[in-house]
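> My questions concern the predicted model and sequence given below.
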Amino acid sequence: MLMGRALWRGLVETVTRDLEGTVRTSSGALIPNKELNLLAPSLPTKIVCVGRNYIEHAKELGNTVPERPLIFLKPPSSVLDPGGTIVLTPDSHQVEYEGEIAVVMGRTCKGLNAEDDPMPFVAGVTPLNDVTARDLQKIDGQWTRAKGFDTFCPFGPWIRPVTSFSGLVVHTYLNGKQVQEGCSDDMAFPIADLVRYVSRVMTLLPGDLIATGTPHGVGKLAAGDTVSVELQGVLLENPVGD
């Protein structure tokens, strides 16, 4: 059963998808997908991202894989609903897509040790696009501005519960053509270790996200493009505008 949020008849409701093409709202109504405006499936207090977590992606940007997870934050104001328009900022001439596997926290999580199982604290996974102003990333040296513009964090529309982080595959498509493919098994730092690591830095709250890094194949977005990220049958699609 997939979990999400939707706007229906002027109200935001929790929704689940348990039948093909049909959604059940928290009020008990069973309605077709087309009658809903699907929203980002959680309201994160923070979006913790991991840089250079795939060896080939690090290479394509001329970087080495760090000795420990390289984490940074995107602001909650960067969240964009599925189907919403990614707005290209005039401050950048090189805005790029980065399709990722995002972990959605389901319970408060703090201070996990190496032997602790993070899975009971996790609601599931969802596709995320870590939209990045690559030229600003290089100019600034740190990544807050490049990663933090409004609309630069689409994710959802569904949270898929998982019992394991193994074998999760993410694909990115630009105008219908596949441009990225990555598997959780190929990460430099496994997802379970990332959850533990981040939990020792900051308390993770329900709805918070950990974006686990992007595979190689990142590229530039232009107005009029459509970019899609697919994870385990969940499809995130957003048009691009200026």
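That came through, no problem.
> rest of the way, CA atoms for contacts and neighbours
Will do.
> if I look at the residue nearest to Arg200 when sequence neighbours are not counted, how far off is Lys220?
In space, and not counting its chain neighbours, Arg200 is closest to Gly111: 4.3 Å by Cα to Cα, 6 or more residues apart in numbering. Separation of Gly111 from Lys220 (Cα to Cα, to the nearest Å): 38 Å.
> How about Val125?
25 Å.
> can you list the domain ranges for this structure.
1-39, 42-241 (automatic domain parsing).
> Which of those domains comes out lowest on mean pLDDT?
Looking at the domains of the chain, the lowest mean pLDDT belongs to domain 1-39 (a mean of 88).
> Buried ones in that domain, by neighbour count?
2-7, 13-17, 23-25, 36-39 (16 or more other Cα atoms under 10 Å).
> measure that domain end to end?
In domain 1-39, first residue to last residue: 17 Å (Cα to Cα).
> And the contacts of the lengthiest helix in the chain?
When the chain is parsed with DSSP state H, its longest helix is helix 191-199. Defining contact as Cα atoms under 8 Å, 6 or more residues apart in numbering, one finds that helix 191-199 is touched by 48, 69, 109-114, 116-119, 165, 184, 204, 210, 212.
> what's the spacing between that helix and its chain's center?
16 Å (Cα atoms, centre = their mean, to the nearest Å).
> Restrict that helix to CA atoms and write it as CSV.
Extracted in CSV, the C-alpha atoms of helix 191-199 (Å, rounded to 0.1, in the frame of the first residue of the first chain):
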residue,chain,number,x,y,z
ILE,A,191,21.3,3.7,3.1
ALA,A,192,21.1,2.0,6.6
ASP,A,193,24.5,3.5,7.4
LEU,A,194,23.3,7.0,6.2
VAL,A,195,20.3,6.9,8.5
ARG,A,196,22.5,6.0,11.4
TYR,A,197,25.1,8.6,10.6
VAL,A,198,22.6,11.5,10.1
SER,A,199,20.7,10.5,13.3
